[in-house]
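**Student:** Model the following, please.
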Amino acid sequence: MIRVLIADDHRIVRQGLRLILETEPDFEVAGEASDGVQAVRLCQELKPEVVLMDLRMPNMDGLTAIERLRREQPEVAVVILTTFNEDELMVRGLQAGARGYLLKDTDRSTLFETLRAAARGETLLKPEIMTRVLSRVAAPASSRSGESTGLTDRELEVLRSAARGERSKEIGLQLGISERTVKAHLASIYGKLGVDSRAAAIAVAAQRGLLETQ
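**Tutor:** Numbering: from 1, shown residues only. Got it, this is the predicted structure:
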């Protein structure tokens, strides 16, 4: 059973998500929060596996709440709830420790898939959304190689594949290496970029111009 906390200042959004999640036998809505302060407090009390976090909320915004949770409750996986006009905030949220993001008009199967991946400690990034984020992130041409970060060509290949939403097994098949080797490359990438998750690595790489947009 995956316990989910829904944090959004719009009651109708919370109620809609609750109704959708309750149709699946492996999800349980642990609680609802209307702002970041309440979200952090309820995470301490209710111990959910995953938090669906809106970025724009009163009292404490979602970005600040994500930063607090990363410091105080790093075991809780956060998935950002976002709209198309929040791309910059989305990137900052990924850097702050969120495992992924969902558009508020996403379909049910994507919602379930993303939450299950987050609960497993994985990140599921939809390529069409990542392309939109990358198109909003500008970086000097001089920074568009891995030299400044120490990333090897193979690590850049792995990172760019991850940014397209491919899983470790898929990346391995594509590059002709084992899934274990892919994970070793990802661990090395995290260390060089100073992050601890796939989502954060992609966000940092996007800002530094290391990812190729299609």
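
**Student:** Now do the contacts for the residue lying closest to residue 11 once chain neighbours are set aside.
**Tutor:** With sequence-adjacent residues excluded and distances taken as C-beta to C-beta, 6 or more residues apart in numbering, residue 11 is closest to residue 34, at 7.6 Å. In short, each C-beta sits where N, CA and C put it, glycine included. Going by C-beta atoms under 8 Å, 6 or more residues apart in numbering, residue 34 touches 7, 8, 9, 11, 14, 57, 58.

**Student:** do residue 179 as well
**Tutor:** So residue 179 contacts 168, 169, 172 (C-beta under 8 Å, 6+ apart).

**Student:** Tell me where this protein has strands.
**Tutor:** Taking DSSP state E as the criterion, the chain carries its strands at 2-7, 27-33, 50-54, 77-82, 100-103.

**Student:** dump the residue contacts of the spatially closest residue to residue 94 that is not a sequence neighbour.
**Tutor:** Leaving aside its sequence neighbours, residue 94 sits nearest to residue 203 (C-beta to C-beta, 6+ apart; 3.6 Å). Contacts were defined as C-beta under 8 Å, 6+ apart; by that measure residue 203 touches 91, 92, 94, 95, 133.

**Student:** again, only this time at 7 Å
**Tutor:** Contact partners of residue 203, counting by C-beta atoms under 7 Å, 6 or more residues apart in numbering, are 91, 94, 95.

**Student:** any chance of the strands of the chain in CSV, plus mean pLDDT and mean neighbour count?
**Tutor:** Shown next, in CSV, are the strands of the chain (pLDDT from 0 to 100; neighbours: other C-beta atoms under 10 Å):
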stretch, mean pLDDT, mean neighbour count
strand 2-7, 97, 23
strand 27-33, 97, 20
strand 50-54, 96, 27
strand 77-82, 91, 26
strand 100-103, 84, 24
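
**Student:** Now render these as CSV, adding distance to residue 199.
**Tutor:** Formatted as CSV, the strands of the chain follow (distance: least, C-beta to C-beta, whole Å):
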stretch, distance to residue 199
strand 2-7, 18
strand 27-33, 21
strand 50-54, 13
strand 77-82, 9
strand 100-103, 6
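
**Student:** before we move on, back to that, and which of the contacts of residue 203 is nearest to residue 114?
**Tutor:** Minimum distance to residue 114 across the contacts of residue 203 is 13.2 Å, recorded for residue 94 (C-beta to C-beta).

**Student:** gap between the closest one and residue 118?
**Tutor:** 12 Å (C-beta to C-beta, to the nearest Å).
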